[in-house]
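A.B. asks: heads up, no residue letters with this:
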């Protein structure tokens with residue numbers, strides 16, 4: 001099943017944003033959705049009615065209100081099923097990332113859940129780009145040194161349920177100029193809002209955007225509404241300019257569902273050398289098997305010519 005086309009790749013490189021409905025099937029997402037409902041529930045704090053915490057003339061909220069937007073966010077590995085842990089490492093996402101960046105090998109550098117609820121806070125944001133906390137410089141002119149951020153819709157995401165709004169690369173350049181790194185002037189925020197587009201779509205949709213695409217979160221206004229998504233980031237293997245999550249920092253969490261279920265291709269996206277790599281010696285093979293006794297090490301032993 002081919003879940004994306006060359007037209008999708010070209011559109012993403014041109015506009016910095018694409019929406020691909022039905023990228024994931026309902027059957028694929030069912031166990032993940034069940035995990036979200038168990039981990040977060042379908043009701044948040046508050047009475048389930050929309051609240052407005054913005055100042056006069058503001059597009060987004062600031063301060064403590066802004067921090068509360070990120071209340072229901074967790075980092076890989078999650079406290080759920082293998083399907084939940086492996087969703088951000090889905091083979092179709094790996095293939096799509098390779099095509100978008102035009103490289104042979106990619107690494108997963110970001111994966112987090114996100115649950116939002118009407119009335120828990122005001123989710124409106126001002127227009128921004130994501131690169132400020134992904135790199136210490138700015139996105140490269142070289143496609144291979146850029147990144148792709150995905151948003152997976154586990155539930156329907158309508159405008160009343162906080163759909164992301166964005167501005168195409170061309171429109172942003174027309175308003176802010178080619179040297180844009182932010183929209184700090186309120187008049188520029190207003191101008192961007194006049195040309196914003198909605199990423200509203202159905203469950204199973206995949207949104208792909210660049211980290212220098214101007215976008216903003218919007219408030220949930222549907223009574224007792226909720227919105228479940230997963231954010232996933234990929235970069236070319238070896239691109240040390242880009243970072244977000246360091247998987248080694250979560251090494252004390254339960255990685256067994258991933259280590260025991262992921263394919264060598266998926267594990268390679270976490271920085272684990274593929275079978276046949278010089279890293280795999282009789283000693284490293286033996287010790288890795290001791291650390292992860294249920295991991296399928298046969299491909300690694302076979303490629304190294306070592307008898308298990």
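C.D. replies: That came in fine, so what should we check first? This one's a predicted model, so the numbers in the text were calculated from it and none came from an experiment.
A.B. asks: So which residues of the protein form strands?
C.D. replies: Secondary structure of the chain by DSSP state E: the strands cover 17-20, 106-117, 147-153, 165-166, 197-198, 206-209, 215-216, 226-236.
A.B. asks: The fourth one pairs with which strands, and in what direction?
C.D. replies: Within its sheet, strand 165-166 is paired with strand 197-198 (antiparallel), strand 215-216 (antiparallel), according to DSSP bridges.
A.B. asks: rewinding a little: out of the strands of the chain, nearest to residue 186?
C.D. replies: Shortest separation from residue 186 across the strands of the chain is recorded for strand 215-216, at 13.8 Å, computed as Cβ to Cβ. Where C-beta positions appear, they are placed from N, C-alpha and C, glycine not excepted.
A.B. asks: Spit out the contact partners of residue 177.
C.D. replies: Residue 177 makes no contacts at all, as judged by Cβ atoms under 8 Å, 6 or more residues apart in numbering.
A.B. asks: Distance of it relative to residue 191?
C.D. replies: 12 Å (Cβ to Cβ, to the nearest Å).
A.B. asks: what does residue 269 give?
C.D. replies: The gap separating residue 269 from residue 191 is 39 Å, by Cβ to Cβ.
A.B. asks: higher neighbour count, these two?
C.D. replies: Neighbour comparison, residue 269 and residue 191: the larger count goes to residue 269, with 21 against 18 (by other Cβ atoms under 10 Å).
A.B. asks: Now do the nearest residue to the more buried one once chain neighbours are set aside: how many residues are near it, please.
C.D. replies: Once flanking residues are discounted, residue 269 sits nearest to residue 108: 4.6 Å by Cβ to Cβ, 6 or more residues apart in numbering. A count of neighbours around residue 108, defined by other Cβ under 10 Å, yields 23.
A.B. asks: isn't residue 108 right next to residue 88, touching?
C.D. replies: Yes: Residue 108 lies in contact with residue 88 (Cβ atoms under 8 Å); the separation is 6.1 Å.
A.B. asks: shared neighbours, these two?
C.D. replies: In the contact map built from Cβ under 8 Å, 6+ apart, the residues linked to both residue 108 and residue 88 are residue 232.
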